[in-house]
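**Student:** build me a model:
(one chain, ligands or ions: 1)
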Amino acid sequence: MNILHICANPKPTEESVSKQLSVAFFSALVEKLPDAELNNVDLYQDPPPFFDYPAYRAIWTPLLTPGYTPNKAEKNATAYAVRHAEMFNKADVLVLTMPMWNFGVPAIMKAWMDQVITPNLTFVFEPTEGGGFVTKPLHHIRKIILLVSSGGVYREGDPRDALTACIEAAFGFIGIEDVTIAWADGQNPIAFSDLEERRNTATEAAIEAAEELAQETAPADVSG
Ligand SMILES: Cc1cc2nc3c(=O)[nH]c(=O)nc-3n(C[C@H](O)[C@H](O)[C@H](O)COP(=O)(O)O)c2cc1C
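**Tutor:** Below is the predicted model of the structure:
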(Lines give C-alpha, C1' and ligand atoms only; values in the text may rest on other atoms or scores of the structure.)
Protein backbone atom coordinates (compact mmCIF):
# COMPACT_ATOMS: atom_id res chain seq x y z
CA MET A 1 0.00 0.00 0.00
CA ASN A 2 1.27 3.43 -0.95
CA ILE A 3 0.34 6.28 1.38
CA LEU A 4 0.78 9.92 0.47
CA HIS A 5 0.96 12.17 3.53
CA ILE A 6 0.50 15.90 2.97
CA CYS A 7 1.22 18.04 6.01
CA ALA A 8 0.29 21.73 6.15
CA ASN A 9 1.57 22.95 9.49
CA PRO A 10 4.55 25.25 10.08
CA LYS A 11 4.98 24.29 13.76
CA PRO A 12 7.42 21.73 15.16
CA THR A 13 5.67 18.48 16.08
CA GLU A 14 6.01 19.03 19.84
CA GLU A 15 3.95 22.23 19.52
CA SER A 16 1.40 20.97 16.99
CA VAL A 17 -1.66 18.99 17.99
CA SER A 18 -2.47 17.91 14.42
CA LYS A 19 1.11 16.78 13.79
CA GLN A 20 0.96 14.73 17.00
CA LEU A 21 -2.16 13.05 15.62
CA SER A 22 -0.17 12.12 12.52
CA VAL A 23 2.62 10.65 14.68
CA ALA A 24 0.04 8.49 16.50
CA PHE A 25 -1.55 7.48 13.19
CA PHE A 26 1.70 6.51 11.46
CA SER A 27 3.17 4.75 14.52
CA ALA A 28 0.07 2.54 14.72
CA LEU A 29 0.05 1.97 10.97
CA VAL A 30 3.72 1.04 10.67
CA GLU A 31 3.35 -1.40 13.56
CA LYS A 32 0.50 -3.21 11.77
CA LEU A 33 1.68 -2.70 8.19
CA PRO A 34 5.49 -2.49 8.21
CA ASP A 35 5.60 -2.83 4.41
CA ALA A 36 3.44 0.22 3.73
CA GLU A 37 5.20 2.67 1.45
CA LEU A 38 5.07 6.18 2.94
CA ASN A 39 5.58 9.35 0.98
CA ASN A 40 5.73 12.39 3.28
CA VAL A 41 5.32 15.90 1.91
CA ASP A 42 5.78 18.85 4.25
CA LEU A 43 4.25 21.71 2.28
CA TYR A 44 6.42 24.22 4.15
CA GLN A 45 9.51 22.42 2.78
CA ASP A 46 8.05 21.97 -0.71
CA PRO A 47 5.62 24.89 -1.06
CA PRO A 48 3.12 24.97 -3.92
CA PRO A 49 2.91 28.11 -6.04
CA PHE A 50 -0.45 29.86 -6.27
CA PHE A 51 -2.24 28.76 -9.40
CA ASP A 52 -1.39 31.51 -11.90
CA TYR A 53 -2.23 32.63 -15.43
CA PRO A 54 0.51 30.66 -17.26
CA ALA A 55 -0.61 27.48 -15.43
CA TYR A 56 -4.21 28.27 -16.30
CA ARG A 57 -3.24 28.68 -19.98
CA ALA A 58 -1.35 25.37 -19.96
CA ILE A 59 -4.06 23.33 -18.26
CA TRP A 60 -7.41 24.86 -19.09
CA THR A 61 -7.01 26.62 -22.45
CA PRO A 62 -6.45 23.37 -24.42
CA LEU A 63 -9.70 22.03 -22.90
CA LEU A 64 -11.71 25.15 -23.67
CA THR A 65 -10.04 25.94 -27.03
CA PRO A 66 -9.25 22.62 -28.73
CA GLY A 67 -6.06 22.82 -30.77
CA TYR A 68 -4.36 25.29 -28.43
CA THR A 69 -0.75 24.31 -27.71
CA PRO A 70 0.75 25.81 -24.55
CA ASN A 71 4.08 27.60 -24.99
CA LYS A 72 7.24 26.71 -23.05
CA ALA A 73 6.67 29.20 -20.21
CA GLU A 74 3.10 27.94 -19.78
CA LYS A 75 4.27 24.33 -19.68
CA ASN A 76 7.00 25.23 -17.16
CA ALA A 77 4.34 26.77 -14.91
CA THR A 78 2.83 23.30 -14.39
CA ALA A 79 6.05 21.70 -13.10
CA TYR A 80 4.87 21.52 -9.47
CA ALA A 81 1.44 20.21 -10.48
CA VAL A 82 2.97 17.51 -12.70
CA ARG A 83 5.45 16.39 -10.03
CA HIS A 84 2.81 16.24 -7.30
CA ALA A 85 0.19 14.62 -9.55
CA GLU A 86 2.70 11.80 -10.15
CA MET A 87 2.97 11.18 -6.39
CA PHE A 88 -0.81 11.49 -6.05
CA ASN A 89 -1.46 8.96 -8.83
CA LYS A 90 0.84 6.39 -7.18
CA ALA A 91 -1.01 6.54 -3.86
CA ASP A 92 -3.73 4.23 -2.54
CA VAL A 93 -4.50 6.38 0.50
CA LEU A 94 -4.12 10.11 1.17
CA VAL A 95 -3.43 11.40 4.69
CA LEU A 96 -3.95 15.13 5.24
CA THR A 97 -2.60 16.80 8.39
CA MET A 98 -3.54 20.42 9.16
CA PRO A 99 -4.94 22.88 11.68
CA MET A 100 -8.20 24.73 11.03
CA TRP A 101 -7.39 28.31 10.07
CA ASN A 102 -10.18 30.81 9.65
CA PHE A 103 -12.75 28.03 9.51
CA GLY A 104 -11.11 26.34 6.55
CA VAL A 105 -7.97 24.62 5.28
CA PRO A 106 -4.69 26.58 5.57
CA ALA A 107 -3.96 28.53 2.37
CA ILE A 108 -0.89 26.40 1.64
CA MET A 109 -3.05 23.24 1.61
CA LYS A 110 -5.60 24.94 -0.66
CA ALA A 111 -2.75 26.01 -3.00
CA TRP A 112 -1.57 22.36 -3.15
CA MET A 113 -5.11 21.21 -3.94
CA ASP A 114 -5.34 23.82 -6.72
CA GLN A 115 -2.16 22.33 -8.22
CA VAL A 116 -3.09 18.68 -7.90
CA ILE A 117 -6.83 18.56 -8.57
CA THR A 118 -6.22 19.31 -12.20
CA PRO A 119 -7.78 17.94 -15.40
CA ASN A 120 -5.60 15.58 -17.43
CA LEU A 121 -3.24 15.18 -14.46
CA THR A 122 -5.34 13.46 -11.80
CA PHE A 123 -8.73 13.22 -13.55
CA VAL A 124 -10.36 13.73 -16.94
CA PHE A 125 -13.65 15.27 -17.95
CA GLU A 126 -15.70 12.75 -19.91
CA PRO A 127 -18.65 14.08 -21.93
CA THR A 128 -22.01 12.36 -21.40
CA GLU A 129 -24.70 11.76 -24.03
CA GLY A 130 -26.92 14.44 -22.54
CA GLY A 131 -24.31 17.12 -23.17
CA GLY A 132 -22.93 17.23 -19.63
CA PHE A 133 -19.81 15.61 -18.25
CA VAL A 134 -18.58 13.23 -15.60
CA THR A 135 -15.15 13.23 -14.00
CA LYS A 136 -13.08 10.07 -14.32
CA PRO A 137 -10.15 9.62 -11.94
CA LEU A 138 -6.65 9.00 -13.27
CA HIS A 139 -5.59 8.26 -9.68
CA HIS A 140 -6.65 5.26 -7.59
CA ILE A 141 -6.87 6.82 -4.12
CA ARG A 142 -9.71 5.10 -2.31
CA LYS A 143 -9.59 6.81 1.06
CA ILE A 144 -8.64 10.02 2.82
CA ILE A 145 -7.62 10.19 6.47
CA LEU A 146 -8.02 13.73 7.75
CA LEU A 147 -6.03 14.67 10.88
CA VAL A 148 -7.17 18.06 12.12
CA SER A 149 -6.96 20.31 15.15
CA SER A 150 -9.03 23.40 15.94
CA GLY A 151 -9.54 25.87 18.74
CA GLY A 152 -13.33 25.63 18.59
CA VAL A 153 -15.82 22.78 18.41
CA TYR A 154 -17.84 22.23 15.24
CA ARG A 155 -20.29 19.35 15.41
CA GLU A 156 -21.10 17.52 12.21
CA GLY A 157 -22.91 19.80 9.80
CA ASP A 158 -21.96 23.06 11.57
CA PRO A 159 -22.00 25.62 8.70
CA ARG A 160 -18.85 27.29 10.10
CA ASP A 161 -16.82 24.17 9.29
CA ALA A 162 -15.61 25.03 5.79
CA LEU A 163 -12.60 22.71 6.23
CA THR A 164 -14.43 19.39 6.05
CA ALA A 165 -16.80 20.78 3.40
CA CYS A 166 -13.88 21.83 1.19
CA ILE A 167 -12.04 18.49 1.51
CA GLU A 168 -15.18 16.41 0.91
CA ALA A 169 -16.37 18.51 -2.05
CA ALA A 170 -13.02 18.89 -3.81
CA PHE A 171 -11.85 15.29 -3.47
CA GLY A 172 -15.40 13.94 -3.94
CA PHE A 173 -15.37 15.73 -7.32
CA ILE A 174 -12.48 13.48 -8.43
CA GLY A 175 -14.01 10.31 -7.05
CA ILE A 176 -12.75 10.06 -3.45
CA GLU A 177 -15.82 9.72 -1.25
CA ASP A 178 -14.37 7.88 1.73
CA VAL A 179 -13.10 10.40 4.32
CA THR A 180 -12.21 9.33 7.87
CA ILE A 181 -11.63 12.18 10.33
CA ALA A 182 -9.68 12.32 13.60
CA TRP A 183 -10.26 15.80 14.95
CA ALA A 184 -8.74 17.28 18.09
CA ASP A 185 -11.25 20.08 18.55
CA GLY A 186 -11.73 22.46 21.48
CA GLN A 187 -8.00 23.23 21.75
CA ASN A 188 -8.51 26.87 22.69
CA PRO A 189 -7.41 27.04 26.35
CA ILE A 190 -9.42 30.23 26.92
CA ALA A 191 -12.69 28.53 25.95
CA PHE A 192 -12.16 24.89 27.04
CA SER A 193 -10.78 23.19 30.14
CA ASP A 194 -10.79 19.62 28.77
CA LEU A 195 -8.15 20.10 26.06
CA GLU A 196 -6.16 17.04 27.02
CA GLU A 197 -9.19 14.75 27.09
CA ARG A 198 -10.19 16.00 23.66
CA ARG A 199 -6.66 15.40 22.35
CA ASN A 200 -6.68 11.89 23.78
CA THR A 201 -10.02 11.10 22.14
CA ALA A 202 -8.71 12.34 18.78
CA THR A 203 -5.49 10.36 19.20
CA GLU A 204 -7.54 7.21 19.84
CA ALA A 205 -9.56 7.98 16.68
CA ALA A 206 -6.32 8.38 14.68
CA ILE A 207 -4.99 5.04 15.99
CA GLU A 208 -8.32 3.38 15.22
CA ALA A 209 -8.23 4.79 11.68
CA ALA A 210 -4.73 3.32 11.21
CA GLU A 211 -5.80 -0.07 12.55
CA GLU A 212 -8.88 -0.14 10.31
CA LEU A 213 -6.76 0.76 7.31
CA ALA A 214 -4.27 -1.99 8.15
CA GLN A 215 -7.11 -4.48 8.54
CA GLU A 216 -8.69 -3.50 5.20
CA THR A 217 -5.31 -3.90 3.53
CA ALA A 218 -4.15 -7.14 5.17
CA PRO A 219 -4.41 -10.18 2.90
CA ALA A 220 -7.49 -12.35 3.63
CA ASP A 221 -6.90 -15.18 6.10
CA VAL A 222 -7.27 -18.35 4.07
CA SER A 223 -6.03 -20.71 6.79
CA GLY A 224 -9.34 -22.07 7.86
C1 LIG B 1 -4.14 31.82 11.77
C2 LIG B 1 -5.00 30.98 12.68
C3 LIG B 1 -6.35 30.88 12.43
C4 LIG B 1 -7.16 30.09 13.23
N5 LIG B 1 -8.48 29.97 12.93
C6 LIG B 1 -9.27 29.15 13.66
C7 LIG B 1 -10.65 28.97 13.35
O8 LIG B 1 -11.19 29.55 12.40
N9 LIG B 1 -11.39 28.14 14.12
C10 LIG B 1 -10.85 27.46 15.16
O11 LIG B 1 -11.55 26.70 15.80
N12 LIG B 1 -9.54 27.60 15.49
C13 LIG B 1 -8.74 28.42 14.77
N14 LIG B 1 -7.41 28.56 15.08
C15 LIG B 1 -6.86 27.77 16.21
C16 LIG B 1 -6.17 26.48 15.73
O17 LIG B 1 -6.97 25.77 14.84
C18 LIG B 1 -5.87 25.62 16.95
O19 LIG B 1 -4.96 26.29 17.79
C20 LIG B 1 -5.32 24.26 16.59
O21 LIG B 1 -5.26 23.45 17.73
C22 LIG B 1 -3.93 24.37 15.96
O23 LIG B 1 -3.48 23.09 15.58
P24 LIG B 1 -1.92 22.74 15.58
O25 LIG B 1 -1.48 22.71 17.02
O26 LIG B 1 -1.80 21.42 14.91
O27 LIG B 1 -1.23 23.82 14.81
C28 LIG B 1 -6.59 29.38 14.31
C29 LIG B 1 -5.22 29.50 14.57
C30 LIG B 1 -4.42 30.29 13.77
C31 LIG B 1 -2.95 30.38 14.05
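**Student:** going forward, measure contacts and count neighbours with C-alpha atoms only.
**Tutor:** Will do.
**Student:** ok, Arg199 - contacts?
**Tutor:** 17, 184-185, 187 (Cα atoms under 8 Å, 6 or more residues apart in numbering).
**Student:** again with Pro99
**Tutor:** Counting by Cα under 8 Å, 6+ apart, Pro99 touches 8-9, 18, 105-106, 148-150.
**Student:** ok, Leu121 next?
**Tutor:** So Leu121 contacts 81-82, 85, 138 (Cα under 8 Å, 6+ apart).
**Student:** and those, which of them are in helices?
**Tutor:** Of the positions in the contacts of Leu121, 81-82, 85 sit in helices, assigned by DSSP state H.
**Student:** just read off the phi/psi values of the residue nearest to the spatial centre of the chain.
**Tutor:** Centroid-nearest residue in the chain, with Cα atoms, centre = their mean: Leu96, separated by 4.2 Å. Main-chain torsions, Leu96, degrees, to the nearest 10: phi -120, psi 120.
**Student:** right, and it touches Lys143 too?
**Tutor:** No: the criterion here is Cα atoms under 8 Å, and Leu96 misses it with Lys143 at 10.9 Å.
**Student:** how about the strands in this structure?
**Tutor:** In the chain, the strands defined using DSSP state E lie at 2-7, 37-42, 93-99, 123-127, 133-137, 143-149, 179-184.
**Student:** returning to that earlier point: and the two most separated of the contacts of Arg199?
**Tutor:** For the contacts of Arg199, the maximum inter-member distance is 9.7 Å, found between Val17 and Asp185 (Cα to Cα).
**Student:** what is in contact with these two at once?
**Tutor:** With Cα under 8 Å, 6+ apart, Val17 and Asp185 have common neighbours 149, 199.
**Student:** between the two, which one's more packed in?
**Tutor:** Val17 (27 against 24; other Cα atoms under 10 Å).
**Student:** thinking again about what came up before, what subset of the contacts of Pro99 is also close to the ligand?
**Tutor:** 18, 149-150 (Cα under 6 Å from any ligand atom).
**Student:** neighbour-wise, which one of those residues leads?
**Tutor:** That'd be Ser18 among the ones next to the ligand among the contacts of Pro99, by other Cα under 10 Å, with 31 neighbours.
**Student:** surely that residue meets Thr97?
**Tutor:** Yes: counting by Cα under 8 Å, Ser18 touches Thr97, with 6.1 Å between them.
**Student:** report the set of residues contacting both of those two.
**Tutor:** 147-148.
**Student:** tell me the mean pLDDT for the longest helix along the chain?
**Tutor:** If you go by DSSP H, the chain has its longest helix at helix 195-217. Confidence over helix 195-217 (mean pLDDT, whole number) is 96.
**Student:** buried set for that helix?
**Tutor:** 195, 198-199, 201-211, 213-214 (16 or more other Cα atoms under 10 Å).
**Student:** swap in stretch 5-22?
**Tutor:** Quick answer for stretch 5-22 (16+ other Cα under 10 Å): 5-9, 17-22.
**Student:** how many residues are close by Arg83?
**Tutor:** Residues near Arg83, counting by other Cα under 10 Å, number 13.
**Student:** next: Gln187.
**Tutor:** Other residues close to Gln187 by other Cα under 10 Å number 20.
**Student:** list the contacts of it.
**Tutor:** With Cα under 8 Å, 6+ apart, Gln187 has these contacts: 149-152, 195, 198-199.
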